[in-house]
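Asks: one predicted model, sequence on top.
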Amino acid sequence: MIPADRPDRRSAKLLAVDASGRMRHSTRADLASLFSQGDLVVANDAATLPASLRGTHCASGEPIEVRLAAWVSVRDPTRFVALAFGAGDHRTRTEDRPPPPMLSPDDRISLGPLAAVVERLLGHPRLFALRFLGNRETVLGGLARHGQPIQYAHVPEPLALWDVWTSIAADPIAFEPPSAGFALDWRTLSAWRRRGIGLATLTHAAGISSTGDPTLDLRLPFDEPYCIPERTAAAVNQAKSEGRYIVAIGTTVVRALESAAGADGNVRAGEGIASGRIGRDTRLRVVDAILTGIHQPGESHFELLRAFADHAALEHISAAVVKHGYRAHEFGDSMLIERVKT
Amino acid sequence: MEADIDLKGLRVAVTGGTSGLGLALVRRLAVEGARVAFVARSAPAVERIANETGALGIVGDIGRKDDIYPIALQMTGNLGGLDVLINNASSLGPTPLAPLADTECEDLEQALAVNVLGPFRLTKALFGALAASARNERGALVINISSDAAINAYSGWGAYGASKAALRHLTAIWAEEAKADRVGFLSIDPGDMDTPLHALAIPDADPLTLRRPEDSAAELVETMRAALSSRTGQLDGAHP
């Protein structure tokens, strides 16, 4: 668990970039005073599963780490798309971990109190469909007791769910935290409410951000189910029709809203699946600005920003981020980028 | 009309659900058609009550920080969210009861861990789910079980009384802070009941002078129903 009193948890920085490319350096606390009356902030209220499980590959007796990576059927916790890792832990860079034991269909994997079966391989020796033996209650109970949040090499402390649930976390369907939401606290939400800035939520099952394997990373992001409540769709559509700003808290919100938008830009309520990448060639229909973490060129999160700003502007932002020492990871600093209107 | 709100499908979590008031609440809510999850420390007792009531049983200790999120995960994951949280699990502190000057520090700490920190942590972990329920007009409510020992200074009830006083004030402040998010907070004193906890505190009490936990549970469910009907705007609709 990350100590709650570690100073950098409260002193995160915020880089705000407006549509003309003008940059302002401030702190996350300043979020409360950003945006204007009538703007609508949309956040992802998914809570994060303890998706990393250690255990033994029964056929070989070898240690294995299984990371749950995507849903087979959303909210059915007995079946997942999963990734296998070999010995070692998060302190070794994902890229440097030894390969997992060779998996074959019907192999048993013992994961603490849980037993799982390899249903089939998914086009790569480390990616497979996994089925837990048991029902919803026993599997969720086993995950709660034995699972750990997916760890990051840059965070030395073992993470606990305390660290990865955002303040608004409600529905445990994400595999990694929708980390832009770490910037939100109830004080900020309350300040926005007083200033007439709306808040709406959707639930998007944020998937894993990295597999540690370049060929598998090309397949990211995996399909991510989302659910947009009626009220959220109505609030977004009304704001759009009145020319008000839509601010997405995180890339998952952008994916969900843009995936649910029709050709007319109206967002449909209900369940959906966000697939494919958003990038330079994507024409955003809904979102006007994004609050996100600090990302590096090449990461899929950074590539998504190309839908908001052109190459030169992003180069400029990247340089500023390095120069001013912004911290780039899930528990790091934030940036707010307003979309250049075309 | 207001009292007619249907509890069918309402997602309720109860801590300390295998004895006393908590058990009576689990039974009552299950009979009314609510979707109930309860927590208690003893695995055999949890299994027994889950089998009897059909409610979801979760093994955990509300007084341990490490247990809080695993509990919250199982509640929200199994119920698909949460509308009502009833923080009922309580610790007496020293048993037999003791004057404060004789109370071990560890016994006071235990009372604070279960009666104050536990409800605080669990409510904080579930506040996102409760606020989501409120945003979706389902009504969201936290009920913290209090006691007259939270108000009156009874000799021998120092650890329990001080912790329940803290919980009562925590509830009042959270009620103010969560108003705009439309998450309701209630502190309810169910009265002196014929429960295992009471027997631990006053072993020679005459049971005839004590309330049946079933009666307190029925009353509490009515209070909950009234509070919800004023919050949801749907007076008689079943919860989807």
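Replies: That came in fine, so what should we check first?
Asks: and A:Gln296, helix, strand or coil?
Replies: Here A:Gln296 takes the coil state, with states given by DSSP: H, G, I helix; E, B strand; the rest coil.
Asks: quick one, grab the pLDDT at it.
Replies: The model reports A:Gln296 with a pLDDT of 82.
Asks: now it: how far from A:Ile150?
Replies: Applying Cβ to Cβ, to the nearest Å, one obtains 19 Å for the distance of A:Gln296 from A:Ile150. C-beta coordinates here come from the backbone N, C-alpha and C atoms, glycine included.
Asks: what about the helices in the stretch 101-250 of chain A?
Replies: Taking DSSP state H, counting those that start in this stretch, the helices of the stretch 101-250 of chain A run over residues A:136-146, A:161-164, A:186-194, A:214-217, A:230-241.
Asks: same drill for A:Gln296 and A:Ile150, tell me which one is more crowded.
Replies: A:Ile150 (26 against 11; other Cβ atoms under 10 Å in any protein chain shown).
Asks: sorry, back to before: and the helices of the stretch 101-250 of chain A as TSV, adding distance to B:Asp61?
Replies: Formatted as TSV, the entries for the helices of the stretch 101-250 of chain A read as follows, by distance: least, Cβ to Cβ, whole Å:
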stretch	distance to B:Asp61
helix A:136-146	13
helix A:161-164	16
helix A:186-194	27
helix A:214-217	40
helix A:230-241	37
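Asks: reformat the ones you listed into a markdown table and put distance to A:Asp76 and mean neighbour count next to each item.
Replies: Formatted as a markdown table, these follow (distance: least, Cβ to Cβ, whole Å; neighbours: other Cβ atoms under 10 Å in any protein chain shown):
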| stretch | distance to A:Asp76 | mean neighbour count |
| --- | --- | --- |
| helix A:136-146 | 7 | 21 |
| helix A:161-164 | 21 | 22 |
| helix A:186-194 | 32 | 16 |
| helix A:214-217 | 23 | 14 |
| helix A:230-241 | 24 | 18 |
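Asks: the residue lying closest to A:Ala82 once chain neighbours are set aside: neighbour count?
Replies: Beyond its immediate neighbours in the sequence, the residue positioned closest to A:Ala82 (Cβ to Cβ, 6 or more residues apart in numbering or on different chains) is A:Leu130, lying 4.1 Å away. In terms of burial, A:Leu130 registers 24 neighbours under the definition other Cβ under 10 Å.
Asks: one more: A:Ser300?
Replies: Applying the criterion other Cβ under 10 Å, we find 17 residues in the vicinity of A:Ser300.
Asks: and A:Arg108, by the same measure?
Replies: Going by other Cβ under 10 Å, the residues that sit close to A:Arg108 add up to 14.
Asks: that one: what's it in contact with?
Replies: A:Arg108 makes contact with A:58-59, A:115-117, according to Cβ atoms under 8 Å, 6 or more residues apart in numbering or on different chains.
Asks: just the residues contacting the helix-or-strand element of chain A with minimal mean pLDDT, thanks.
Replies: Within chain A, no helix or strand scores below helix A:300-305, which has a mean of 87 by mean pLDDT, DSSP states H and E. Among residues not part of helix A:300-305, those counted as contacts by Cβ under 8 Å, 6+ apart are A:209, A:220-221, A:251, A:254-255, A:277-280, A:290, A:292-293, A:295-296, A:314, A:337.
Asks: now stretch A:325-337
Replies: A:2, A:8-9, A:12-17, A:28, A:31, A:34, A:152, A:154-155, A:163, A:176-177, A:179-180, A:182-183, A:247, A:289-296, A:305, A:308-309, A:317, A:321.
Asks: returning to that earlier point: distance of the residue nearest to A:Ala82 relative to B:Phe185?
Replies: Applying Cβ to Cβ, the value for A:Leu130 to B:Phe185 is 41 Å.
Asks: picking up where we left off before, separate out the buried members of the contacts of stretch A:325-337.
Replies: In terms of neighbour count (16 or more other Cβ atoms under 10 Å in any protein chain shown), the buried residues within the contacts of stretch A:325-337 are A:2, A:12-17, A:28, A:31, A:34, A:152, A:155, A:163, A:176-177, A:179-180, A:182-183, A:247, A:289-295, A:305, A:308-309, A:317, A:321.
Asks: so where do the strands sit in the stretch 151-300 of chain A?
Replies: Under the criterion DSSP state E, counting those that start in this stretch, the stretch 151-300 of chain A carries strands at the ranges A:171-174, A:198-204, A:224-228, A:246-249, A:270-274, A:289-293.
Asks: need those in a markdown table (columns: distance to chain B and mean pLDDT).
Replies: Listed next are these as a markdown table, based on distance: least, Cβ to the nearest Cβ, whole Å; pLDDT from 0 to 100:
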| stretch | distance to chain B | mean pLDDT |
| --- | --- | --- |
| strand A:171-174 | 5 | 97 |
| strand A:198-204 | 7 | 98 |
| strand A:224-228 | 11 | 97 |
| strand A:246-249 | 13 | 98 |
| strand A:270-274 | 13 | 97 |
| strand A:289-293 | 18 | 96 |
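Asks: now render those strands as CSV, adding distance to A:Asp76.
Replies: Putting those into CSV (distance: least, Cβ to Cβ, whole Å) gives the following:
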stretch, distance to A:Asp76
strand A:171-174, 11
strand A:198-204, 16
strand A:224-228, 11
strand A:246-249, 27
strand A:270-274, 13
strand A:289-293, 30
